[in-house]
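>>> just coords:
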């Protein structure tokens, strides 16, 4: 370990800057053309009173949207639900996927089949996933309750209709739907960890657990950071799955903030106000990510 | 530097090169300007076929104004229209429903059809139903095609087993319904099941039977008044579920199609749902399952429900509003409506078409009671309240869901409904 | 075969436990596929019957033929494939050098790029759709598959870049430097050392791009009107009606057919997620 962890040599040469530009430019150009404009437009919209309508005039209204938003209890309720949802799904997804990725990384029989089946949830559009889970969770005739019944367990649970358990159930479906991408990412990461590191540690006599903790996990860190940040963002913004599963019900207990902003823009036509919600989400989630990433960067540099 | 420039040039050339590639569908723009696009939401195979044949008939008769049929889907039509109206690429003729399309009308996206519709078409539909597609400024922004009503389906064998006679009067009062459900409740089986996962539409529509109008005034000035009449329907449902225990409370948290298997299974002797479910029952009920549609549900104000017709509208920005409106008029003709109604098992708004359906189906498979329930459909005040959709999503639906799950009291329900509206005002 | 596996395997009880754990995972992840499979073979009557078993009474193919006829699945699959493959190729080709540059050259670009990547993913996509739509309309790409490719590519680029920089960062700089000391040029170092180590990461990232383009629904819905140009998710939407009405058997059949190409693709590509190439390359 110590031998490998020599401080990285500074690599600033005069030609580096130019090379970097050359390599980044192809990615930057389409992005400038097609993503910066809509994004800036979307952010700017958050400071206007834009509404749906033919030939409707739009005016800048400064911080009016945010003043109004501050007093919108429903939005903050939904923001809270969004945080619970995003963090639970991301953490559970990460733990479950790490376990699965470690298993799939072993030389087990039928590994090709397991690897393919592990990706099943990914192969289906979110709308199909939601319809399917609705049927699976049907309180009277769904296979889930029937299986519980066959095992002699309580079998009349109203999974999606009971306000107190709807959110946890939706979280489980969210974990299911998002596991493949995290698993594949971590599996690829495990394969990228040079075997030499592990072998060296094994020769030193480190136990399996210690090697996992001190060699594999640190080597995986950049990938773990990358995927958990993305998962967190995606989960916070996820939309289609819950929209079809519960549409925010029962009693508003699964109303995610993206669902809320979507309703504001698409159902009530208040584009400006909805974009302001988007901006608030960007700032709060962005601040959290900044802290998380800064912490991780420091650890990487140490 | 040269490398960099050529890289840029190459990148700019890429989309251009791709543009030339017809596989991406670029460039095969049609030259004819007299094409009208019609986005249909027909879902049942029979309705899709009926729609296609109406379009074919039109195209045969009007070689210079061809209609191109585009298939849309109910599930996403609203979002699609919001984006396309903003971008100015909406179809010329738009199929939707009154509850959804009226918002677009307020935003000015729809053409006034009244100058273009023939007297024949206008006269065949009752003024009450026309009201549900008339905007605040008096313009008619859609032609109402098919209607749905809430009806009570009965498992006639379960009635016979319980020794209960099948009601045959002109109407079925809520008292009758409650009494029937109690009589039909036996161990393990409930008298009734009702999928009310999204309860607001059903409650608002049926409240008219109790004179429960909820709103007074129009547009942005609409005021809410939640009194006994307004709460009669949820209160009755609540009583049946939790006092009589004759209506399965679990079914109240499910969608209509989730509850249907329980009706087939004999778990529920009665099943309250949209009349169009008759089609699914005919198609997929188990062999030997006997059923009927009970007479229209009536409150003290009679068998009235709010009408939320399917609609045909023309985009205000269409290049050929007149041609598109002519097609809508053609589409509204009685024989066309009768064919569509039978495909979807819905009620035609046109009286003439209703007669045709009654004749063609001989009233079988519940059609007689279904058509009868169509007579009581009328416009409701909530349809003219601008903030209704938001109130429905953010306040009414969660509050009703909680009340029907027995989590809040009737007073709390009233409070939440009223406060929610003032919150929005 | 990693050393982790070797040592774990030495304990007698470890192997069965690993199989058991894997089996539990498979039940959780693949059970819905079985459910979909059995649904696809059932008749409408069986689907509504409360006491139908998990398995269909007989394997009737009506749902499959009806689904193919009705939604024109072949055309839709062709379109989806064209769009997804083109997007994946473009995104991977563009993101790979950029990700490498972002990690290895500490320029100011890095902070800006990271900020933009995260911002673009945090802002709810649904709110960007309208300006994006207007932009595409202005350059005449409404109702074209090229428009879809552009949107998907721009949308996938940030996360591809973000993921790939994670994989690049996981490769110890020392390996490159060792190679450079051995006298290899930069290009040779990239080809011989970096690329093989990145292979699994590249596979994972292109899978991301491919699947996201393959499954995307909403933008395709508003952009594509011509029935000949619809993608698979649009075709599937045909089976869902108003008020929760669903043509379940046909939907299940169509959904199964739609996910077969992805599953076959996974099956073929999963080998590439194994670092067979690696050890040799690193040592050489």
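Thanks, I have the structure now. In this text, all values refer to a predicted model and were calculated from it rather than measured experimentally.
>>> and whatever residue of chain A ends up closest to chain C, how many residues sit next to it?
The nearest approach of chain A to chain C comes at residue A:226, 3.2 Å away (Cβ to the nearest Cβ). To be clear about C-beta, it is placed using only N, CA and C from the backbone, and glycine gets the same treatment. Around residue A:226 there are 24 other residues, counting by other Cβ atoms under 10 Å in any protein chain shown.
>>> ok, so what distance separates it from residue C:101?
17 Å (Cβ to Cβ, to the nearest Å).
>>> who's in contact with residue B:394?
A:74, A:252, A:263, B:420, B:424 (Cβ atoms under 8 Å, 6 or more residues apart in numbering or on different chains).
>>> rerun that using 6 Å as the cut-off
By Cβ atoms under 6 Å, 6 or more residues apart in numbering or on different chains, residue B:394 lies in contact with residue A:74.
>>> Assess the claim that residue B:312 and residue B:327 are in contact.
No: here residue B:312 lies out of contact with residue B:327, judged by Cβ atoms under 6 Å, at a distance of 8.6 Å.
>>> what's the helix or strand for the most centrally placed residue in chain A?
Note on chain A: the residue nearest the mean C-alpha position is residue A:231, at 2.1 Å, using Cα atoms, centre = their mean. Assigned by DSSP states H and E, residue A:231 belongs to helix A:217-237.
>>> Measure how buried the residue nearest to residue C:271 when sequence neighbours are not counted is and give me the count.
Residue nearest to residue C:271 in three dimensions, not counting chain neighbours: residue A:112, with 7.4 Å by Cβ to Cβ, 6 or more residues apart in numbering or on different chains. For residue A:112, the count of nearby residues is 14 (other Cβ under 10 Å).
>>> Figure out how far the helix holding residue A:231 is from the centre of its chain.
Distance of helix A:217-237 from its chain centroid, counting by Cα atoms, centre = their mean, to the nearest Å, is 8 Å.
>>> likewise stretch A:180-200?
Stretch A:180-200 sits 20 Å away from the centroid of its parent chain (Cα atoms, centre = their mean).
>>> Name the residues that touch it?
A:93, A:97-98, A:100-101, A:104-105, A:118-119, A:121-122, A:215-216, A:219-220, A:223, A:227, C:3, C:167, C:170, C:197, C:200-201, C:204, C:273, C:275, C:279, C:282.
>>> which ones are touching residue B:79?
Applying Cβ under 6 Å, 6+ apart, the residues contacting residue B:79 are residue A:266.
>>> And the next helix or strand past the host helix or strand of it?
Per DSSP H and E, residue B:79 falls inside helix B:77-87. Going down the chain from helix B:77-87, the next helix or strand is strand B:93-97, by DSSP H and E.
>>> could you give the mean pLDDT of that following strand?
In this model, strand B:93-97 has a mean pLDDT of 95.
>>> what separates whichever helix or strand comes after it from the chain centre, distance-wise?
Next along the chain after strand B:93-97, taking DSSP H and E as the criterion, comes helix B:98-106. In terms of Cα atoms, centre = their mean, the centre of helix B:98-106 is set 13 Å apart from its chain centre.
>>> Can you classify the residue nearest to residue C:271 by secondary structure?
helix (DSSP: H, G, I helix; E, B strand; the rest coil).
>>> got a pLDDT number for it?
85.
>>> Could you point out which residue ranges in the chain have low pLDDT?
Because you didn't say which chain, this covers chain A. A:1-17, A:194-195, A:300-302 (pLDDT under 70).
>>> Not quite, go with chain C.
Low-confidence segments of chain C, defined by pLDDT under 70: C:1-12, C:50-52, C:106-107, C:242-244, C:274-284.
>>> Can you sort out which of the contacts of stretch A:180-200 also neighbour chain B?
When Cβ under 6 Å from any Cβ of the partner chain is applied, no member of the contacts of stretch A:180-200 is adjacent to chain B.
>>> Buried ones only from the residues you listed, please, as a ChimeraX command.
Buried residues among the contacts of stretch A:180-200 (16 or more other Cβ atoms under 10 Å in any protein chain shown), as a ChimeraX selection:
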select /A:93,97,98,100,101,104,105,118,119,121,122,215,216,219,220,223,227 /C:3,167,170,197,200,201,204,273,275,282
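>>> between the longest helix belonging to chain C and helix A:217-237, how many degrees?
Longest helix in chain C by number of residues (criterion: DSSP state H): helix C:73-104. Interaxial angle of helix C:73-104 relative to helix A:217-237 (axes from the mean of the first three to the mean of the last three Cα atoms, to 10 degrees): 130 degrees.
>>> which non-adjacent residue is nearest the residue nearest the centre of chain C?
Central residue of chain C (Cα atoms, centre = their mean): residue C:211, 2.6 Å from the mean position. Distances taken as Cβ to Cβ, 6+ apart place residue A:122 nearest to residue C:211, at 5.5 Å, with adjacent residues excluded.
>>> buried set for the longest helix of chain C?
Applying 16+ other Cβ under 10 Å to helix C:73-104 flags C:73, C:75-77, C:79-88, C:90-92, C:94-104 as buried.
>>> counting contacts, what elements does it pack onto?
Judged by 3 or more Cβ pairs under 6 Å, 6 or more residues apart in numbering or on different chains; DSSP states H and E, helix C:73-104 is in contact with helix A:14-31, helix C:145-170, helix C:195-215, helix C:232-237.
>>> Mind doing that once more with 8 Å?
helix A:14-31, helix C:109-122, helix C:145-170, helix C:195-215, helix C:232-237, helix C:248-269 (3 or more Cβ pairs under 8 Å, 6 or more residues apart in numbering or on different chains; DSSP states H and E).
>>> Identify whichever of those helices lies nearest to residue B:156.
helix C:248-269 (26.2 Å; Cβ to Cβ).
>>> angle of that closest one against helix C:73-104?
Using the same axes, to 10 degrees: helix C:248-269 against helix C:73-104 is 40 degrees.
>>> In helix C:248-269, which residues are buried?
C:248-259, C:261-263, C:265-266, C:269.
>>> could you give the angle of the strand or helix carrying residue A:190 to helix C:145-170?
Assigned by DSSP H and E, residue A:190 belongs to helix A:163-192. Helix A:163-192 and helix C:145-170 meet at an angle of 70 degrees, taking the same axes, to 10 degrees as the criterion.
>>> So for the helix or strand just after helix A:163-192, what gets flagged as buried?
Moving toward the C-terminus from helix A:163-192, the next helix or strand (DSSP H and E) is helix A:195-203. The neighbour-count check on helix A:195-203 (16+ other Cβ under 10 Å) flags A:195, A:196, A:197, A:198, A:199, A:200, A:201, A:202 as buried.
>>> likewise stretch B:104-119?
If you call a residue buried by 16+ other Cβ under 10 Å, then stretch B:104-119 has these buried ones: B:104, B:105, B:106, B:107, B:108, B:109, B:110, B:111, B:112, B:113, B:116, B:117.
>>> tell me the pLDDT at the fifth one?
Going back to what we said before, that points to residue B:108. Note on residue B:108: pLDDT of 92.
>>> That one contacts residue A:55, doesn't it?
Yes: the pair residue B:108 / residue A:55 is scored as a contact, 7.1 Å apart, by Cβ atoms under 8 Å.
>>> Quick check, the residue in the stretch 151-300 of chain A closest to chain B?
Closest point on the stretch 151-300 of chain A to chain B, by Cβ to the nearest Cβ, is residue A:161, at 2.8 Å.
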